[in-house]
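A.B. asks: A predicted structure for the sequence below; I have some questions about it.
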Amino acid sequence: MKKQPRLDLTELLNRCHRDPTIPKTFMSEYLPLLLPRFSELEILAKHELQQLFNFHRCKRQTCLQKIDKPWSHLWLIEKGIACSEIPTSQGNVIREFYFPGQFVSNLNAYKINRRSRVQIKALTKLSYWSIHYSDVLYCLNTYQPAREIIEQFSCCYNEWQNELLLCMKSLTPKEHYLYLKDHFPQYFLLIKLRYLASYLKVSDATLYRLMSEDEDGE
């Protein structure tokens, strides 16, 4: 049996935040301010965190969270890309991408025992850490830095979602494509075009056409 690697939470987050190949996420703006809180948490709960977090590797297309199933874990991605999908009449559509150094969580749904409305799955081979929500709540009740981290990230995630959802509703497919290209250029290097097409809610052919028109116009 392989020994579980050691989780260095602050180092992992700092390394991913400084990596220019990783797109910005809802955590990007506030993470530098919160890194000292993560350091404090690791000092206070170093041995407990090692026991509460479990390390996993999975294959592409592995489902971490199924639709209509209870939420049970918070995940922290170390390597690879995951996504959330929502069911539609035309099949599942990608709602959000998750990158290294990003937490994937729905603590509020766990608290009220609401089943998942999305599916979380790996788009590539994935290395990630998981912690059960009961242990997350234990940390929140026990350690002040943990409460400050969750509070801040909850606020910035809501702001991030509101901004992106408003953008998606107000822009045409071409405008949305250009917005993605300007603000998240790494997406086009890291993510297969069929997944980007799903995220943009267009067909593969439409995305290829938009990219071709954009190249011709340069």
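C.D. replies: Yep, it's here.
A.B. asks: where do the strands sit along the protein?
C.D. replies: In the chain, strands defined by DSSP state E lie at 54-58, 63-65, 73-79, 82-88, 91-98, 103-104, 119-122, 126-132, listed in chain order.
A.B. asks: Which stretches in this protein count as helices?
C.D. replies: 9-18, 31-44, 46-52, 107-111, 133-142, 144-170, 173-183, 187-190, 193-200, 204-217 (DSSP state H).
A.B. asks: Buried residues, the helix or strand bottoming out on mean pLDDT in the chain. List them.
C.D. replies: Across the helices and strands of the chain, mean pLDDT, DSSP states H and E gives its lowest value to helix 144-170, namely a mean of 78. Using 16 or more other C-beta atoms under 10 Å as the test for burial, helix 144-170 gives 145-146, 149-150, 152-153, 156-157, 160. Placement of C-beta: from N, CA and C, glycine included.
A.B. asks: now do stretch 85-93
C.D. replies: For stretch 85-93, the neighbour count (16+ other C-beta under 10 Å) marks 85, 92 as buried.
A.B. asks: From one end of that stretch to the other, what's the distance?
C.D. replies: 5 Å (C-alpha to C-alpha, to the nearest Å).
A.B. asks: Give the ranges of residues in this protein that sit below the confidence cut-off.
C.D. replies: By pLDDT under 70, the low-scoring segments of the chain are 1-2, 162, 164-169, 216-218.
A.B. asks: Please parse it into its domains.
C.D. replies: 9-170, 172-218 (automatic domain parsing).
A.B. asks: Please identify the most buried of those domains.
C.D. replies: Among those, domain 9-170 has the highest mean neighbour count (mean count of other C-beta atoms under 10 Å), at a mean of 16.
A.B. asks: Can you give me the first-to-last residue distance of it?
C.D. replies: End-to-end distance of domain 9-170 (C-alpha to C-alpha): 37 Å.
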